[in-house]
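Asks: Based on what follows, work out the 3D shape:
(one chain, ligands or ions: 3)
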Amino acid sequence: MKILSAEQLSQADKETIKKQEISSEGLMERAATLVFNEIHKRLEGAPIPIKIFCGIGNNGGDGLVIARHLVQHGYHVNVYIVNYSDKRSDDFLSNYEKLKEVTDDWPEMIKNEANFPEIRTGDFVIDAIFGIGLNRPIEGWVAKLVEHINNSQAFTLAIDMPSGLFSDKAPGENASIIEADFTLSFQTPKLVFFLPATMDYVGNLQILDIGLDKQFLAKVDSNYRLINKEEAIQLYKPRKTNTHKGDYGHALIIGGSYGKIGSVLLTATSALRTGSGLCSLYIPKCGYDIVQTALPEAMVLTDKENHLLNAYPNTFDADVVCFGMGVGTSNKAKAALEDLLNSVNSPVVIDADGLNLLAQNKSLIDLLPENSVLTPHPGELQRLIGSWKDDFEKLELVRSFSKKYKIIVVVKGAHSFIIQGDNVYINNSGNPGMATAGSGDVLSGVITSLIGQGYDPVIASILGVFLHGRSGDIAAKEMGFEGVLAGEIASNMGKAIKELYT
Ligand SMILES: NC(=O)C1=CN([C@@H]2O[C@H](COP(=O)(O)OP(=O)(O)OC[C@H]3O[C@@H](n4cnc5c(N)ncnc54)[C@H](OP(=O)(O)O)[C@@H]3O)[C@@H](O)[C@H]2O)[C@@H](O)CC1
Ligand SMILES: Nc1ncnc2c1ncn2[C@@H]1O[C@H](COP(=O)(O)OP(=O)(O)O)[C@@H](O)[C@H]1O
Ligand SMILES: [K+]
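Replies: Ligands and ions are numbered 1, 2, ... in the order given. Predicted coordinates:
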């Protein structure tokens, strides 16, 4: 699903008004009625006190339409106009009049702190103060109102966006932002909903299709895409009947050290569970018995060193190589990575200490074959590209890093971002149960396996991250978040793949 900017959404709005011969007020009615339907479906007429805070632009207009429908369905509604400006939008004004036709309870004006209503924990608050039209930080008494709402602990539903968030840029430090429990957003998700610093304000997210012009949405260009099952299934290549293991790639996993053999074992298990035809490991001698016992399906080559890797078996003919988990950052490990990068031509997957070695020896980055995949978590990323002031600067830095070295960067997190040049793919599967030791090692195995099976590295990264998340979801459903082990994310890969097409 494309993620559009506020400007693109306004264009979509205009195009829809023209093509569908609908007025902007009609579009507001359509959008806000969908919100009302969602609320009504859940509340089923319950006599909960509903407090709607409306700004004076079109987000506030939405709030007024929602209020009218709620009143007409017998809900207990109080409407507050957050009077931060005299420049009321036309659609706000006409809906203000329409609301007065259905109730004798006039909306209350909030012009300063003295007008703030008491909000109880059991109230249901609707935030229709600002939407995509916010163009500067919220200040003064409006900021105090945001704090008042946040402090109330009442369940808060944000319309289109939590007020205080910009759709396309970072909020400043200490910005006033509504902490929503639920956000009902129109037509497309906004980028900030998925960034680490702002995702928590959104709560649960649901996107409402408000019927904006399909042709416009199809042709509008966006560098940002959200990856859900609909997108993932289009990337998947089903297996043909008449095939053999030679058709599914030979993955070589290099890593491990004394005390960290489990990491490579997880990666190899996950590569085999994702469908690699063959999988070999290259590890220090101390891991030999462990791997052969725990994973008889894999082949094992050992370094001449007992506890640390010191070389790369460059006589070995693999379809794809993954390097780094558990390998450490010793000079010996550096020599192994250097050996590898000097002898491979096809893309490699680099994770964990492999990334730390690249960060410590920046000249090695130049040796990465085109389309190689790096899978840093934020700490590893910072060591590679330096620090950033906010998520938007981070995205810019990763983009230029990816362009400079012609590589793909998977920035791991609650929503992992797959970045190739200007294109950014945002993963929407996974859960906090995956915040557990070794789950990154499992991801490397998935991506490596898919590349070995012939997927283009960027596709392998997008599909791999999605499947890894789904597998984590399947594991969490059975084990609960706390109970998930990384090995179970690997074990459920087959189910995650099957679930794509069933
Ligand atoms: N296409 C769609 O998706 C559809 C969208 N719809 C809805 O429209 C919403 C967008 O409406 P919108 O453009 O009127 O902007 P909105 O967010 O109400 O605020 C703008 C007002 O705030 C002001 N202002 C800004 N920052 C400020 C600040 N810090 N402190 C104080 N004032 C500030 C600014 O005035 P300014 O002072 O900058 O001139 C202006 O008056 C969208 O989110 C969705 O809910 C649906 O109805 C139909 C389909
Ligand atoms: N809250 C979360 N929601 C979704 N995915 C998560 C969450 N926390 C972690 N993950 C995923 O788990 C993996 C963790 O990787 P990493 O930090 O490298 O772990 P490790 O080094 O222990 O293997 C990443 O793929 C990340 O996207
Ligand atoms: K809002």
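Asks: ok, for residue 336, nearest residue in space, not its chain neighbours?
Replies: In space, and not counting its chain neighbours, residue 336 is closest to residue 309: 4.5 Å by Cβ to Cβ, 6 or more residues apart in numbering. C-betas here are computed from N, CA, C, even on glycine.
Asks: Can you name the residues that contact the one you found?
Replies: For residue 309, the set of contacting residues under the criterion of Cβ atoms under 8 Å, 6 or more residues apart in numbering consists of 254, 255, 256, 257, 282, 283, 284, 303, 327, 332, 333, 336.
Asks: same thing but at 7 Å, please
Replies: Residues in contact with residue 309, defined by Cβ atoms under 7 Å, 6 or more residues apart in numbering, are 254, 284, 303, 327, 332, 333, 336.
Asks: before we move on, what about residue 58?
Replies: Residues counted as contacts of residue 58 (Cβ under 7 Å, 6+ apart) are 28, 89, 91, 92, 131, 133.
Asks: From residue 310, how far out is the residue of the stretch 301-450 of the chain found nearest ligand 3?
Replies: With Cβ to the ion as the measure, the residue in the stretch 301-450 of the chain that lies nearest ligand 3 is residue 391; the distance is 20.4 Å. If you measure residue 391 against residue 310 using Cβ to Cβ, to the nearest Å, the figure is 39 Å.
Asks: Show me which of these two is the more surrounded one.
Replies: In this comparison of residue 391 against residue 310, neighbours counted by other Cβ atoms under 10 Å, the higher total goes to residue 391 at 19 against 16.
Asks: Excluding chain neighbours, what is closest to the more buried one?
Replies: Distances taken as Cβ to Cβ, 6+ apart put residue 195 closest to residue 391, at 4.0 Å, once the chain neighbours are dropped.
Asks: try residue 467
Replies: residue 496 (4.8 Å).
Asks: can you count the residues close to that neighbour?
Replies: A count of neighbours around residue 496, defined by other Cβ under 10 Å, yields 24.
Asks: And it, which helix or strand is it part of?
Replies: helix 493-500 (DSSP states H and E).
Asks: returning to that earlier point: ok, so what distance separates the residue nearest to residue 336 from residue 327?
Replies: 6 Å.
Asks: Can you tell me which of the contacts of residue 58 are classed as buried?
Replies: With neighbours counted by 16 or more other Cβ atoms under 10 Å, the contacts of residue 58 contain buried members at 28, 89, 91, 92, 131, 133.
Asks: Columns secondary structure and distance to ligand 1 on top of these, output as CSV?
Replies: Written out in CSV, the entries for the buried ones among the contacts of residue 58 read as follows (DSSP: H, G, I helix; E, B strand; the rest coil; distance: Cβ to the nearest ligand atom, whole Å):
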residue, secondary structure, distance to ligand 1
28, helix, 4
89, coil, 5
91, helix, 7
92, helix, 8
131, coil, 2
133, coil, 2
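Asks: Which single one of the residues you listed is nearest to residue 216?
Replies: Nearest to residue 216 among these, counting by Cβ to Cβ, is residue 28 at 18.1 Å.
Asks: which ones are touching that closest one?
Replies: With the criterion set at Cβ under 7 Å, 6+ apart, residue 28 makes contact with 58, 61, 62, 65, 91.
Asks: And the pLDDT for it?
Replies: Here, the pLDDT recorded for residue 28 equals 97.
Asks: Repeat that for the one 4 residues further on.
Replies: In the predicted model, residue 32 carries a pLDDT score of 98.
Asks: and residue 53, that one's in a helix?
Replies: No. For residue 53, which was evaluated using DSSP: H, G, I helix; E, B strand; the rest coil, the result is strand, with no helix membership.
Asks: Now name the helix or strand holding the residue lying closest to residue 367 once chain neighbours are set aside.
Replies: Nearest non-adjacent residue to residue 367, counting by Cβ to Cβ, 6+ apart: residue 341, 3.8 Å away. Taking DSSP H and E as the criterion, residue 341 maps to helix 331-343.
Asks: Give me the contacts around the very next helix or strand once past that helix.
Replies: Along the chain past helix 331-343, the next helix or strand (assigned with DSSP H and E) turns out to be strand 348-350. Around strand 348-350, the neighbours that count as contacts under Cβ under 7 Å, 6+ apart are 321-324, 340, 358, 368-369, 372-375, 444, 447-448, 451.
Asks: anything in strand 348-350 sitting right up against ligand 2?
Replies: No. For a cut-off given as Cβ under 6 Å from any ligand atom, strand 348-350 has no contacts with ligand 2; the smallest distance is 12.3 Å.
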